[in-house]
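J.: Turn this into a structure:
(chains A and B)
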Amino acid sequence: MSKNNKNFRYIGKEVSRPEAPDKAAGKALYIHDLQRPGMLFGKIKFSTHGHARILNIDTSRAEKLPGVRAVITAYNTPELRIGFLRDNFALKKERVRQFRDEIAAVAAIDPDIASEAIDLIEVEYEPLPGVFTLQEAMTQGAPLVHEIDPQGKPRTGNRVPLNFHHESGNLEAGKNMARYIAEGEYSTQWVQQSCMGTAGCIAEFDMTNNLTLWAKTQIPFLAQRDFNQALSSMGLRGKNTRIIVPTLGGGFGTGLDTHAYEYIAILLAFQTGRPVKIIYNRDEEFANLSPRQSSQTKIIQGCDKNGKLTFRHVAVSQDNGAYTSWGATYPSVMMLPATSLYKVSNVYFHADLYYTNNTYSQAMRGYGNPELTWALESNMDELAENAGIDPYELRMKNCNEPGETTPMGLKISTCGLKECMETVAQKLEWKRSRSQGKCRGVGMASLFHVGGGGRIYRSDGSGLILKLDDFGNVNAYYGGVEMGQGLHSVLALGIAEALGVRPEKVFVNPTDTGTCPWDVGTHASRGAFMACNAAIKAANNLREKIFQYAEELFPKGVSKNLKKFQEKNPDYKPPDFDIKKATRKDNFDLKDGYVFIKDAPQEPWLSMELGSLLRAIHFREQGTMLTAQVFYDPPNELPDWDKGKGNMSATYAYGTQGVEVEVDTETGEVKILHMAAAHDVGKVLNPQALKGQMYGALAQGVGYALYEQVQSYKGKIMNPNFRDYKIPTIHEMDFPIDLEFIETNDSFGPFGAKGVGEPGLVPTAPAIANAICNAVGIRIRDLPITPEKVLEALRGSKKFEVSRRR
Amino acid sequence: MKKEINFTLNGSEVFLTVEAHKRLIDVLRDSLGHTGTKEGCGEGECGACTVIVNSRAVNSCLYPALEIEGKNVTTIEGLQSSGNQLSIIQKAFVEQGGIQCGFCTPGMIMSTKALLDSNPNPTEEEIRDALVGNLCRCTGYVQIIESVKLAADQLKNQ
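T.: Down below sits the predicted model:
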């Protein structure tokens, strides 16, 4: 599928994004900026208890407030079930199971009136005992978060009925072969995606009851399916939802779900007959939008006397929150590094999830990989210490290689892991830095992730339509979503490269289920991989058509050109070249928007501008317009999750990150002095966008490691604002970063490229923890690594004089 | 309660009647349709709402509308020049990859303008200090700093 030609015209060059000028001018329209005529403003009333019976909801005072057009609850609207286990509801009835449960909603003529109306709704609760930790949820006889399952059968415990399991090789034999082992329990916290543009949507019905939803989504077509089901439940079976995606203020996984607030906007729009906009303010976003899944992982690894891994045993427990969303499927992604990062043939992986009355989680960049890699790569360093082997050496001894098939059945085509680790070690001056003392140290960690799509649904496909107009412009319609990562700009580049036109002539249209072909979603780092593979397929299709017509129209076209040229240059003598003979459809090429014969002499009149050829094809009897429509579905498989086997991606991404830190033993603060990151990206398509993705991911990784934590107390989010939830500012990223891209030129990748959206934040946290251990000899196993935890560990280690706490 | 206010916006005089409890950001976005200025948090923590009032960068989400009386306001809309030309700072952000999702961009650019207007030769430390109140979740800030440096260079050479 890829072009192995290393001399690309546009691929690999620094190109700025086509939509950047509008964003710089403040002209790009986000959901927050959009208005529809007659639009109302929706607001949601959330639960004030972690677990309680709803005794009564009194909406009468809200309904009477001037300017209010609708007040809805679960009692006056049809039941809308949401989530892939169907255990959640758009509006809650009888019971609230978490603080963010949606009790009621209001639509009013302005946001202030809507807020006031929310405050006028009175709810009577009977508090119930809840479970707020995994341990509480797992206890025999604990209060049940759900007493019946979605089918109506009574539950006996809080365990979520999902199975993630993998066993390969012979674990007992592996344990027996191990000379050294390292066993540890590691945990990761909830963090918030913290998009700068908060969540929101506008729902609007037309007078035939078809729905349009302007949505902050990464899954327009899956969302269409979800909302069509909702329409059915509303008595509108057969009616259709059109999803339009405006400019997005970030995504990072928040758009991979359909949210209660969207269903509520739809219900309000239907009830009022007017467009309804719901936007979360920052407080609401922190308190009511699902964060990244938290995790607890027990891992045991062993190696022989030479450092070769002999077994790996991984058991994960997850706090599923009150309802089930994509956090519950993180273990499917965790299985990848668990079975396939470094060579180990005796592997056990298992995950259990439990309902609690805490917030439930959704997708966030990395989707389980940062969680698992935190445990795995921290543990690798602990194993290295037990075995007396340098951690870099231990990793190299077990390095993956191209051509392997891993225990999970993943087929590794290209693998740049060795080069990645070597690069990082070299950039950090590994040997010298490991023994520098002065509370300074270095650490590294690697990553393994999907890089060629990820078949998590039955289809991993991506459709693309290319429409040529009379001017040589290419109009592209693609269902993948631009959320700032640069998907639209890399698609334009890919089309330009594969077709042979200048990138400025390629226009990627807004993502809209009404016009674009189906795409499963912009997740699993699949964007550029899919879009550019589809672009190559579609471009080849168009080139065939163009050259077919050129066979017929080229001689006439260039003879017109020659006439015009000779009028301007009367002394010109054309070279001896038989145009008619050379005019064969397989003898043409298209470059920079000009069609020409491959072996013809380079004369200025001896080519046809694409637009003029297209006009010749169009403006005549039985004329036609040229379009291409393709559906690219990559060569990967849907895994069997009960067995934990299946080659879910067409190719895989590798990388290594290393950090040099200095630990302040008086304050516990960790200062990053230097970061080195080497990533196997297959091929650099758009250097500016790729660097942007990596720097941004590194910042999120640093936040995950050191600063960010959703503080939840008995289910209530205690820090729903940027004051108390700390994402890295420009000061936290004040250290040199060495970024290196290893190009392994993968044959499945378009132009050789692999997916790059997520890998950047996967190994950052363990690299930092490993560096801290090298610096001051303490091992922190729970994220985030706060100064308090560092001081506590230093006290315990007795190596440093740490002043007593007051 | 409504009150009349009169101020200068991007070089033009504005006469408006606004509700007393509104903030400058509400006046800009809702009353005047200048949606370039974004609300990221409503609490002065993220800087997405940064505009320039009498040469100082301020968080318009914390600025009471009635306080704008008689003052000079510059928003992102005021930076481009006639003939649909982006300003030098805006062009630098476009060229250097300082823009990804773009939501923090108007605020980031306004903070940059306030910095370079008062300090045309900032050190990297001074750039960081000026932008510490502008949060970005996409870029990791590296290409933003490169954009500011490029803008400073180009402004000196113009």
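
J.: Most proximal residue of the stretch 151-300 of chain A with respect to chain B?
T.: residue A:249 (3.5 Å; Cβ to the nearest Cβ). (Each C-beta comes from the backbone N, C-alpha and C, glycine too.)

J.: so how far is the lengthiest helix in chain B from its chain's centroid?
T.: Assignment by DSSP state H gives helix B:142-157 as the longest helix of chain B. Relative to its chain's centre, helix B:142-157 lies at 16 Å (Cα atoms, centre = their mean, to the nearest Å).

J.: buried set for it?
T.: By neighbour count on 16 or more other Cβ atoms under 10 Å in any protein chain shown, the buried set for helix B:142-157 is B:142-148, B:150-152, B:155.

J.: can you pull the contacts of whichever residue of chain A sits closest to chain B?
T.: Residue nearest to chain B within chain A: residue A:26 (2.1 Å; Cβ to the nearest Cβ). The contact partners of residue A:26, by Cβ atoms under 8 Å, 6 or more residues apart in numbering or on different chains, come to B:34-37, B:75-77, B:105-106.

J.: Give the burial count for the closest residue to it other than its chain neighbours, as a bare number.
T.: Spatially, and ignoring its direct neighbours in sequence, residue A:26 is nearest to residue B:36 (2.1 Å; Cβ to Cβ, 6 or more residues apart in numbering or on different chains). Using other Cβ atoms under 10 Å in any protein chain shown, the number of residues around residue B:36 comes to 25.

J.: Can you name the helix or strand that residue B:36 falls in?
T.: Counting by DSSP states H and E, there is no helix or strand that carries residue B:36.

J.: Just to check, it is in contact with residue B:79?
T.: No: between residue B:36 and residue B:79 there is no contact under Cβ atoms under 8 Å: 9.2 Å.

J.: overlap in contacts of those two?
T.: Residues touching both residue B:36 and residue B:79 by Cβ under 8 Å, 6+ apart: residue A:25.

J.: Quick check: the residue of the stretch 151-300 of chain A closest to chain B vs residue A:436, distance?
T.: 42 Å (Cβ to Cβ, to the nearest Å).

J.: Same drill for those two, tell me which one is more crowded.
T.: residue A:249 (27 against 15).

J.: can you give me the helices in the stretch 351-500 of chain A?
T.: For the stretch 351-500 of chain A, helices defined by DSSP state H, counting those that start in this stretch occupy the ranges A:369-387, A:391-397, A:417-427, A:430-434, A:487-499.

J.: who touches the closest residue to residue A:548 other than its chain neighbours in this structure?
T.: In space, and not counting its chain neighbours, residue A:548 is closest to residue A:585: 5.3 Å by Cβ to Cβ, 6+ apart. Contact partners of residue A:585, counting by Cβ under 8 Å, 6+ apart, are A:544, A:547-548, A:550-551.

J.: can you tell me which of these are in helices?
T.: Using DSSP H, the contacts of residue A:585 in helices are A:544, A:547-548, A:550-551.

J.: Now list the buried members of the residues you listed.
T.: For those, a burial check counting by 16+ other Cβ under 10 Å picks out A:547, A:550.

J.: got the residues of the stretch 251-400 of chain A near chain B?
T.: Where the stretch 251-400 of chain A comes near chain B, counting by Cβ under 8 Å from any Cβ of the partner chain, the residues are A:251-252, A:281-283.

J.: So which of these are in helices?
T.: A:282-283.

J.: Make JSON lines out of the residues of the stretch 251-400 of chain A next to chain B and add neighbour count.
T.: Listed next are those as JSON lines, based on neighbours: other Cβ atoms under 10 Å in any protein chain shown:
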{"residue": "A:251", "neighbour count": "27"}
{"residue": "A:252", "neighbour count": "28"}
{"residue": "A:281", "neighbour count": "18"}
{"residue": "A:282", "neighbour count": "23"}
{"residue": "A:283", "neighbour count": "15"}
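
J.: For the residues of the stretch 251-400 of chain A next to chain B, give me JSON lines that also has distance to residue A:91 and pLDDT.
T.: JSON lines is the format used below for these (distance: Cβ to Cβ, whole Å; pLDDT from 0 to 100):
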{"residue": "A:251", "distance to residue A:91": "26", "pLDDT": "97"}
{"residue": "A:252", "distance to residue A:91": "27", "pLDDT": "97"}
{"residue": "A:281", "distance to residue A:91": "20", "pLDDT": "97"}
{"residue": "A:282", "distance to residue A:91": "23", "pLDDT": "98"}
{"residue": "A:283", "distance to residue A:91": "20", "pLDDT": "97"}
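
J.: which one among the residues of the stretch 251-400 of chain A next to chain B gets closest to residue A:505?
T.: Residue A:505 has its nearest neighbour among these in residue A:251, at 27.9 Å by Cβ to Cβ.

J.: my guess is the closest one contacts residue A:194, does it?
T.: No: counting by Cβ under 8 Å, residue A:251 stays clear of residue A:194, with 11.6 Å between them.

J.: contacting residues for the residue of chain B found nearest chain A?
T.: Using Cβ to the nearest Cβ, residue B:36 is the residue of chain B that sits closest to chain A, at 2.1 Å. Residues near residue B:36 by Cβ under 8 Å, 6+ apart: A:25-27, B:75-77, B:106.

J.: burial measure for residue A:70, as a count.
T.: For residue A:70, the neighbour count with other Cβ under 10 Å is 24.

J.: One more: residue A:28?
T.: Based on other Cβ under 10 Å, the number of other residues close to residue A:28 is 24.

J.: Is it in contact with residue B:101, as I believe?
T.: No: with contact defined as Cβ under 8 Å, residue A:28 does not count as touching residue B:101 (9.2 Å).

J.: Give me the common contacts of the two.
T.: residue A:247.

J.: so can I have TSV of the contacts of residue A:585 showing pLDDT?
T.: Converted to TSV, the contacts of residue A:585 look like this (pLDDT from 0 to 100):
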residue	pLDDT
A:544	97
A:547	97
A:548	96
A:550	96
A:551	95
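
J.: picking that back up, ok, for the residue of the stretch 151-300 of chain A closest to chain B, nearest residue in space, not its chain neighbours?
T.: Closest to residue A:249 by Cβ to Cβ, 6+ apart is residue A:197, at 1.4 Å.

J.: check contacts around that neighbour.
T.: Contacts for residue A:197 (Cβ under 8 Å, 6+ apart) come out as A:30-32, A:216, A:248-250, B:38, B:40, B:101, B:103.
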